[in-house]
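# coordinates for the following, if possible.
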Amino acid sequence: MENNFNEDDVINRISRYQFSIIHLQDEVVGFVDRAFAILYDDDLERQWTLRDEEGNRHVVTYNKNLQKPMLIGGWTELRHIYELHDFHTIYFGYVGDSCFHITIFPSKCKPLSIARFLKRIEADQPLFNGPKLHFFIFLNPNQCNASHLDLPADFGNYLRQGRFKYIFLYGPRKTVKCKLLLRNHPKKSSKIGSGWKEFCTAHGFHQTIDLVFEVDHMKSNQNVKVLTYCNF
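Numbers count the residues shown, from 1 in each chain. Reported below is the predicted structural model:
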């Protein structure tokens, strides 16, 4: 069943999130950006409606698996419709209600882009099995350039349980050891200190961006997976 939405309304709405999927020549599935899947998990249904630049609509099936989110049903049909026989980039712009604008680039992806995409799929895999907790931070440019990052209370409380002096941020490009600054007086605060700026620089963060911090739900763990949007 297709999602019900007004076409004129959707085409005029600004995308809430953008990511890219590279159509892999020998794969019958499309690998979805993990950060996006986690951020919008409550909003996403198992059926997604895609609309291209010419107004054509397609329905694909999403596996709704946060460990390895993929488009499973309808992906092969999409390949045939657009005659995708090689490695091609498909741009997704999410507008809400499981509806997307898509742009398909007919030219073959460059080998470097393919390599980055495959490396990113591997890098975004969870650090551990079992239940996970997710904390979200919407970074602004000042936070990207700052020497520290103030943490939300719930994330800070999670890290306080382990009494860690340092945590390890596992990003798509680099793992960085960061100092924790946990204070109770005169006001309770939790911050990531030295190492934070290095992490941002390594990943090229310099503008507003959504970050997902994924941690072990079973016990406080100093290893933290950091996920963000995926474009190539």
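
# now the residue most central in space within the chain: closest residue in space, sequence neighbours ignored.
In the chain, the residue lying closest to the centroid (CA atoms, centre = their mean) is A35, at 2.0 Å. Spatial nearest neighbour of A35, excluding adjacent residues (CB to CB, 6 or more residues apart in numbering): L227 at 3.9 Å. For every residue, glycine as well, the C-beta is placed using N, CA and C.

# what about K187, which helix or strand?
Taking DSSP states H and E as the definition, K187 sits outside all helices and strands.

# any idea how far G193 is from it?
The gap separating K187 from G193 is 17 Å, by CB to CB, to the nearest Å.

# the two: which has the busier surroundings?
Between K187 and G193, counted using other CB atoms under 10 Å, the more crowded position is G193 (15 against 6).

# ok so, going back, how about residues contacting the host helix or strand of the residue nearest to the centre of the chain?
Assigned by DSSP H and E, A35 belongs to helix 34-39. For helix 34-39, the external contacting residues (CB atoms under 8 Å, 6 or more residues apart in numbering) are 17, 19, 44, 66, 69, 94, 124, 134, 136, 210-212, 214, 227-230.

# quick check: the residue nearest to the centre of the chain vs G171, distance?
As judged by CB to CB, A35 and G171 stand 11 Å apart.

# so what sits against both of these two?
Taking CB under 8 Å, 6+ apart as the contact rule, A35 and G171 both touch T228.

# can you give me the strands for the chain?
Using DSSP state E, the strands of the chain run over residues 17-23, 30-31, 47-51, 57-61, 70-71, 88-96, 99-104, 132-139, 149-150, 166-170, 175-183, 189-192, 209-216, 223-227.

# got those strands as TSV, with distance to K110 and mean neighbour count columns?
Listed next are the strands of the chain as TSV, based on distance: least, CB to CB, whole Å; neighbours: other CB atoms under 10 Å:
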stretch	distance to K110	mean neighbour count
strand 17-23	10	20
strand 30-31	18	20
strand 47-51	24	20
strand 57-61	26	17
strand 70-71	23	20
strand 88-96	10	19
strand 99-104	16	19
strand 132-139	29	16
strand 149-150	34	18
strand 166-170	27	19
strand 175-183	27	17
strand 189-192	35	20
strand 209-216	24	20
strand 223-227	24	21
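
# alright, that wraps it up for me.
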